[in-house]
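build me a model from this:
(chains A and B)
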Amino acid sequence: MHQIIDKLGGIEAFGIFSICLFVVVFTGSMVLAFCLKKPFLKNMSALPLEDERVHAKNSNPPIL
Amino acid sequence: MITAETLHPQPRRQQDAAVETFRYDNRVVRAFAIATVVWGIVGMTAGLLCAVQLFFPGANLDFQFITFGRLRPVHTNAVIFAFVGNGMFTGIYYSLQRLCKARMFSDKLSWLNFWGWNAIIVAAAITLPMGFTTSKEYAELEWPIKIAIAVIWVAFTINLLGTIVKRREKHIYVAIWFYIATALTVAVLHIVNGLEVPASMWKGYSIYAGVQDALVQWWYGHNAVAFFLTTPYLGMMYYYLPKAANRPVFSYRLSIIHFWALIFIYIWAGPHHLLYTALPDWAQSLGMVFSIMLIAPSWGGMLNGLLTLRGAWDKVRQDPVLKFMVAAVTAYGMATLEGPALAIKTVNSLSHYTDWTIAHVHTGALGWNGLLTFSVLYWLFPRLYNTKLWSVKLANYHFWIALLGMMFYVIPMYIAGITEGMMWKQFTKEGFLQYPNFLQTVQQIIPFYQLRAVGGTLYIFGVWLMAFNLWKTARSGVFVPEEEVQAVSFRSQPDLHGEPAFSHRWLESKPILLTGLALVAVLIGGMIEIIPMIVIKENVPTISSVKPYTALEVMGRDIYIREGCLACHSQMVRPFRSETERYGEYSKAGEFVYDHPFLWGSKRIGPDLHRVGGKYPDAWHYNHLDDPRSTSPGSIMPRYSWLLTQKLDTSSLPARIGALRRVGVPYPAGYESQALDDLNKQADKIVANLKGGSVKTTPDREIIAVIAYLQRLGTDIKLAPKPAVADASSGLHASN
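Residues are numbered from 1 along each chain as shown, chains lettered A, B, ... in the order given. Here you go, the predicted structure:
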């Protein structure tokens, strides 16, 4: 089976291409993440906390 | 230090900006939440009944509809798609509205999603016990239900994307990216894996065969875990954990890397379910490498979740919501460390087909999905009913009972798995199998099966406590069906941060582009894995002695599928000495070219059956299926006595032959008219054989077809080479 696939034309290329592609995606996401500015990051990381404190008219009670 | 300024920077709030008033829809959230609890109890109870049958086979009461093979898919579908599915929709419908500062795009689509999804679950709960199944794990539902799933999923996706498009928050929070990836990928997986040619209303044949079918199925199966059980729950973690801890997420940067790395890598890892099988080596290696790489983003996400609790750990002591969340995220970390370890070929050679896999998946299901769902429900109900949780003490009890239940479940399963794996491989000094009788290994692990049932019972008891607590909470408050809120309109919000185009911040304000890129990320892996397999199909010659199944064998195979035999019996002898000694020649890819679908299985509660053909007389199979303990004392296999009495329905045979031809099995044109005659001849031959074994029966019973199929298994390569199967008119043969 392996020999037959080999003859299809460089099956090892699939592995190399896959890893290269991952490196590109991973590096790209790292670059994009580290290019973000701190005020924006603070803003975004606190986004889930906004609705109850700022917008909701009927305040939800805490669980305890 | 977290301050009000950090949480709500002043520039965001423009006093003169247009403020809009609108309402969040809590009704559909409540409906999904209630469905989550109900289906959780149903699905877990089905699981408990399955667990009990593994040490007390009579627990099915000889009732075919609740026998293990049929009940297992009911359990898995109920907990995955009903419990976690409704839990996921609960979490998404609540958080999405608030993160987008917008009501759901369409109330009609919301309710179509709710009623449609739950109607599908009811349909599954009816059809699976009846034996209407494709046999493909977590994709068992037959084609009419599959189409309904696709329609409802599209409705959900439109509702999701529509809400994002009409949002009032400029930037799309990380939780929503995970929701987008979930919606897109599940749609792709479901459609590609579900392609069938119908033979009747409740019977279809996968368009893929053998190795291709296995690869597509586990590409689907693994990514169902990834994109149904993981990504939506990660999105929920990124919303509900900060809410419960009242802390912003630890690192938004890390969440970006977590998201892109996770969705990109996950899709490649499916072949780790097929290590040492007949799948080509390159695909196995690719799956293994990417599985190991998955540790990085998975643990990145876990640490991001746990570190969000920095400065709030004191709350964990008191708040059951946080307790559940911490335990859930920790279970996620454990499962995602163990998963890649199991994907290493040497580890997998021991763990595969054993209860180790069961322990692994339940660490994820009971720990990650179960506990996170409970935490969200405990957090949500007081808010939906504008009250406090009825009993914090009871919720804390639930937490400890659930944790204890998990321990009683997974620890015995780990011990059972390793015990099985080692006993299967153990040789004597003389070079013989130490435990040649498979039953020896089964008997050894029965105490662990009993302990597992104790763990399951505890876990379900905890869910009942939660149901009671939530019901009392609802009774103590007043439901808030519509939550009126205000937010600055989308257009009134200035661009404050001055980030350049093509930055991630820019991307986060472009939902369509973000959706497109996420789709590309998840598609690439699938395409690179699957396309070569399609090419191989066209280039690899079949083994010349491998022939299509005879008409009777087709019927027998479909009964084998109906009864869920593959829940306990694999059909894949791996190329290990311990397996070839026990079962015979290892399985070759070319042997499965007419297997629509493939039936390799994923668990050996009983022995592998790929080489069972010709191993025992017909009468042995007859007696064994009637009462397994009569031929195999100590067996935990259920009785299949109904196969002895139920009449084989051959009316659908021509349609089955026609459908199989359409998916590529080379039955000659017009064979439908001859098939019934061939079937009867082969059945008569088996009845004659049975008579020789002192068994009296008639040729029109279902058991005759099952015996025909079992006796055919794995025998083709033993035959002398014959002309290529392209000319199947002369190739159909009976094994008896």
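
and the lengthiest helix in chain A with chain B, contact?
In terms of residue count, the longest helix belonging to chain A (DSSP state H) is helix A:12-34. Yes. Helix A:12-34 reaches chain B (C-beta under 8 Å from any C-beta of the partner chain) through A:12, A:14-15, A:17-19, A:21-22, A:25-26, A:28-30, A:32-34. Heads up, the C-betas are built off the backbone N, CA and C, glycines and all.

ok now do whichever residue of the stretch 501-650 of chain B sits closest to chain A, which residues does it touch?
Here the stretch 501-650 of chain B gets closest to chain A at one residue, B:H504, 3.9 Å apart by C-beta to the nearest C-beta. For B:H504, the contact set (C-beta atoms under 8 Å, 6 or more residues apart in numbering or on different chains) comprises A:S29, A:L32, A:A33, A:C35, A:L36, B:I256.

was I right to think the first one contacts B:I256?
Spelled out, it's A:S29. Yes. Using C-beta atoms under 8 Å, A:S29 makes contact with B:I256 at a distance of 5.9 Å.

any idea how many residues pack against the nearest residue to B:L458 once chain neighbours are set aside?
Spatially, and ignoring its direct neighbours in sequence, B:L458 is nearest to B:G405 (3.4 Å; C-beta to C-beta, 6 or more residues apart in numbering or on different chains). The burial count assigned to B:G405 is 23, neighbours taken as other C-beta atoms under 10 Å in any protein chain shown.

count of neighbours near the closest residue to the residue of the stretch 501-650 of chain B closest to chain A other than its chain neighbours?
In space, and not counting its chain neighbours, B:H504 is closest to A:L32: 3.9 Å by C-beta to C-beta, 6+ apart. The tally of other residues near A:L32 (other C-beta under 10 Å) stands at 19.

low pLDDT regions in chain A?
For chain A, the stretches flagged by pLDDT under 70 are A:1-15, A:51-64.

no no, the stretch 551-700 of chain B
Along the stretch 551-700 of chain B, the model assigns pLDDT under 70 to no residue.

so where does B:Q486 fall, helix or strand?
Applying DSSP states H and E as the criterion places B:Q486 in strand B:482-488.

which SSE is immediately downstream of that strand?
As assigned by DSSP H and E, the chain's next helix or strand after strand B:482-488 is helix B:504-507.

quick check: domain ranges of chain B?
Following automatic domain parsing, one gets these domains for chain B: B:19-479+B:500-528, B:551-718.

nearest to B:L513, of the contacts of B:H504?
Using C-beta to C-beta, A:L32 comes nearest to B:L513 of the contacts of B:H504, at 13.1 Å.

what residues of the longest helix of chain A count as buried?
By neighbour count with 16 or more other C-beta atoms under 10 Å in any protein chain shown, helix A:12-34 contains the buried residues A:F14, A:S18, A:L21, A:F22, A:V25, A:F26, A:S29, A:L32, A:A33.

same check, this time on stretch B:636-646
Neighbour-count burial for stretch B:636-646, counted by 16+ other C-beta under 10 Å, picks out B:I636, B:M637, B:P638, B:R639, B:Y640, B:W642, B:L643, B:L644.

redo those residues as CSV? Include secondary structure and distance to B:Y24.
What follows is the buried residues of stretch B:636-646, written out as CSV (DSSP: H, G, I helix; E, B strand; the rest coil; distance: C-beta to C-beta, whole Å):
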residue, secondary structure, distance to B:Y24
B:I636, coil, 51
B:M637, coil, 53
B:P638, coil, 49
B:R639, coil, 54
B:Y640, coil, 53
B:W642, helix, 52
B:L643, helix, 54
B:L644, helix, 59
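
so can I have JSON lines of those residues showing distance to chain A?
Formatted as JSON lines, the buried residues of stretch B:636-646 follow (distance: C-beta to the nearest C-beta, whole Å):
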{"residue": "B:I636", "distance to chain A": "36"}
{"residue": "B:M637", "distance to chain A": "33"}
{"residue": "B:P638", "distance to chain A": "37"}
{"residue": "B:R639", "distance to chain A": "40"}
{"residue": "B:Y640", "distance to chain A": "36"}
{"residue": "B:W642", "distance to chain A": "40"}
{"residue": "B:L643", "distance to chain A": "36"}
{"residue": "B:L644", "distance to chain A": "41"}
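
quick check: the two most widely separated of those?
The distance between the two most remote of those (C-beta to C-beta) is 20.1 Å, for B:I636 and B:L644.

now render the domains of chain B as TSV, adding distance to A:K42.
Listed next are the domains of chain B as TSV, based on distance: least, C-beta to C-beta, whole Å:
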stretch	distance to A:K42
domain B:19-479+B:500-528	7
domain B:551-718	46
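
give me the residue from the stretch 301-450 of chain B nearest chain A.
For the stretch 301-450 of chain B and chain A, the shortest gap (C-beta to the nearest C-beta) falls at B:R383, measuring 4.3 Å.

quickly find the element holding the nearest residue to B:P436 once chain neighbours are set aside.
In this structure, B:P436 finds its nearest non-sequential neighbour in B:R582, 6.9 Å apart by C-beta to C-beta, 6+ apart. Taking DSSP H and E as the criterion, B:R582 maps to helix B:577-583.

residues in contact with that helix?
B:424-427, B:432-433, B:436, B:438, B:573, B:586, B:607-608, B:610-611.

residue ranges for the strands of chain B, please.
B:19-25, B:196-200, B:203-206, B:482-488 (DSSP state E).

closest to chain A out of those?
Of these, nearest to chain A by C-beta to the nearest C-beta is strand B:482-488, at 4.4 Å.

one step back: could you give the mean pLDDT of the strand holding B:Q486?
Over the span of strand B:482-488, the pLDDT mean works out to 91.

could you do stretch B:86-101 as well?
Taken as a whole, stretch B:86-101 has a mean pLDDT of 96.

as CSV, could you dump the C-alpha coordinates of it?
Provided in CSV are the C-alpha atoms of stretch B:86-101 (Å, rounded to 0.1, in the frame of the first residue of the first chain):
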residue,chain,number,x,y,z
ASN,B,86,-28.9,21.8,24.2
GLY,B,87,-26.3,23.0,26.8
MET,B,88,-24.3,24.5,23.9
PHE,B,89,-27.3,26.3,22.5
THR,B,90,-28.2,27.5,26.1
GLY,B,91,-24.7,29.0,26.5
ILE,B,92,-24.6,30.5,23.0
TYR,B,93,-28.0,32.0,22.9
TYR,B,94,-27.5,33.8,26.2
SER,B,95,-23.9,35.0,25.7
LEU,B,96,-24.1,35.8,22.0
GLN,B,97,-26.9,38.4,22.6
ARG,B,98,-24.9,40.0,25.3
LEU,B,99,-21.5,40.0,23.6
CYS,B,100,-23.1,41.4,20.4
LYS,B,101,-25.4,43.8,22.4
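
residues from the stretch 551-700 of chain B in reach of chain A?
With C-beta under 8 Å from any C-beta as the criterion, the stretch 551-700 of chain B meets chain A at residues B:A589.

contacting residues for B:R247?
By C-beta under 8 Å, 6+ apart, the residues touching B:R247 are B:I2, B:T308, B:L309, B:R310, B:G311, B:A312.

out of the residues you listed, which are buried?
If you count burial by 16+ other C-beta under 10 Å, the buried members of those come out as B:T308, B:L309, B:A312.

in JSON lines: those residues, plus distance to chain A and pLDDT.
Listed next are the buried ones among the contacts of B:R247 as JSON lines, based on distance: C-beta to the nearest C-beta, whole Å; pLDDT from 0 to 100:
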{"residue": "B:T308", "distance to chain A": "9", "pLDDT": "93"}
{"residue": "B:L309", "distance to chain A": "14", "pLDDT": "89"}
{"residue": "B:A312", "distance to chain A": "12", "pLDDT": "84"}
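
and those residues as CSV, adding distance to B:Y233?
Shown next, in CSV, are the buried ones among the contacts of B:R247 (distance: C-beta to C-beta, whole Å):
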residue, distance to B:Y233
B:T308, 15
B:L309, 17
B:A312, 21
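
thinking again about what came up before, quick check: buried residues in the helix or strand just after the longest helix of chain A?
Scanning forward in sequence from helix A:12-34 by DSSP H and E, the next helix or strand is helix A:38-45. Residues of helix A:38-45 classed as buried by neighbour count (16+ other C-beta under 10 Å): A:F40, A:L41, A:K42, A:N43, A:M44, A:S45.
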